[in-house]
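>>> Next one to model:
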Amino acid sequence: MKGIGQIAVAVVIATWGVLAGCEGPSKSRVRIAYDRPAHFNISPSVRKLAVAQFGGKTAIDRRWGEVAADILASLLDEYNKRYNRYVLYDRKRLSAIMDERDVQLMIADTDTAAKVGKIADVDAMIYGNVTIITRQSTGYRKVFDPLSQKVKRQPYRKQYCLATVNFTMDNINTSRTLATVTVKRDYDSERDEEKSFMVQTLGIGGDELSPRDQIIAVLIERCVEEFLAKISPHREVIEERLWKGKTDFVKSGNQFAEAGEYADALELYLQGIKEKPDDRGAIFNAGVVCEAMGRLKEAQAYYDQAIAIKAKAPSQFIKALSRVRAEQRKGGD
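Have a look, this model is predicted:
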């Protein structure tokens, strides 16, 4: 009887685990984008921009300064194609002109920026500097060795990277600073959320880069994105995690949603809701894909419905509802 009792308990636990696993956040995610205005009020008369090479105190900092300037010019070009806010002066042409005039490409103050900007005939010059700090050390964790049946200390590598980028944007016509921003981004291999972040983003720098260099490249790009949000219209991207749901319709819908096929995903979620009207995961996911498609009124209705299923709503649901309400107050559809 004792053995039968143990089996019965195990079956109950296993069944509960299966049921519990039907609800809750999944690994699938959807990226929702909103267009935002620049944080700083830059006059429309500032139209033509040039990006100078960024400097640094050490040879390593200066090398990453070149990378930062390249990333800034590349992303600014992308933003300009979408929003038509600025006209970017070609960096190779700028370098050739400065070499011809025997002017140093790296700029450190407003006077030099004004001099170079007048040569290039631009309205504003962006320049700055980069500081990189990296540390590697060895940590130890306790692991069980099945051969010796003992707990052993196992070494592992820890890594920390900090990128600090200083940005300055000067008006060439007035010799005044329009924006000065310092942005810091760091990576600590001991932080689980940073591990996940790097797993998703590493590789953007190419196969020739070491993991450390790839990490620094990602951090610098994040710094550049924050600066560009200050001076240019930009996109704010929100990553929303989908829920598991109670039917295979939701599982398939999540796959379509991750692939960006939102209309197909919505159809599957609606079939899941028809089969299980109390499936708040399917209802919430329907709201997410509607929001991703810009159908904010429908998204709000689904979020409201998902929240009303149970007395205690997940904070994720409440934040999503608050977000679409705020967007509608701004004039969204």
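>>> Just the element for K81, please.
Taking DSSP states H and E as the definition, K81 sits inside helix 59-83.
>>> list the buried ones in that helix?
For helix 59-83, the buried set under the neighbour-count rule, 16 or more other Cβ atoms under 10 Å, comprises 61-62, 64-73, 75-76, 79-80. C-beta: built from backbone N, CA, C; applies to glycine.
>>> contacting residues around stretch 212-229?
Contacts to stretch 212-229, defined as Cβ atoms under 8 Å, 6 or more residues apart in numbering, come from residues 36, 38-39, 64, 67-68, 71-72, 75-76, 79, 130, 132, 134, 136, 159, 161-165, 167, 179, 181, 183-187, 198, 201-205, 209, 234, 236.
>>> let me fix that: stretch 61-76
49, 51-56, 86, 88, 91, 106, 126, 128-132, 163, 165, 216-217, 220-221, 223-225, 227-228, 232.
>>> can you do 6 Å?
Contacts to stretch 61-76, defined as Cβ atoms under 6 Å, 6 or more residues apart in numbering, come from residues 51, 53-56, 88, 91, 130-132, 165, 220-221, 224.
>>> Name the nearest of the residues you listed relative to A320.
Nearest to A320, judged by Cβ to Cβ, of the contacts of stretch 61-76 is E221 at 27.0 Å.
>>> So the closest one: helix, strand or coil?
helix (DSSP: H, G, I helix; E, B strand; the rest coil).
>>> K142 now?
Secondary structure state of K142, per three-state DSSP, is strand.
>>> what's across from it in the sheet?
R153 (DSSP bridges).
>>> And the pLDDT for it?
We have a pLDDT of 86 for K142.
>>> Tell me how many other residues surround it.
If you count neighbours by other Cβ atoms under 10 Å, K142 ends up with 8.
>>> so it makes contact with V151?
Yes. At 5.2 Å, K142 and V151 qualify as touching, with contact defined as Cβ atoms under 6 Å.
>>> Quick one: list the elements packing against the helix or strand harbouring R135.
Assigned by DSSP H and E, R135 belongs to strand 124-145. Counting by 3 or more Cβ pairs under 6 Å, 6 or more residues apart in numbering; DSSP states H and E, the packing neighbours recorded for strand 124-145 are strand 48-51, helix 59-83, helix 110-120, strand 150-171.
>>> Okay, buried residues for the last one please.
Think strand 150-171. Buried residues in strand 150-171 (16+ other Cβ under 10 Å): 159-171.
>>> Could you tell me the end-to-end distance of stretch 43-50?
16 Å (Cα to Cα, to the nearest Å).
>>> chain center to it, what's the gap?
27 Å (Cα atoms, centre = their mean, to the nearest Å).
>>> List the buried residues in it.
Those would be V46, K48, L49, A50, for stretch 43-50 by 16+ other Cβ under 10 Å.
>>> ok, how many other residues are close to the spatially closest residue to the third one that is not a sequence neighbour?
Meaning L49. Closest residue in space to L49, ignoring its immediate chain neighbours: Y86 at 4.7 Å, by Cβ to Cβ, 6 or more residues apart in numbering. Around Y86 there are 22 other residues, counting by other Cβ under 10 Å.
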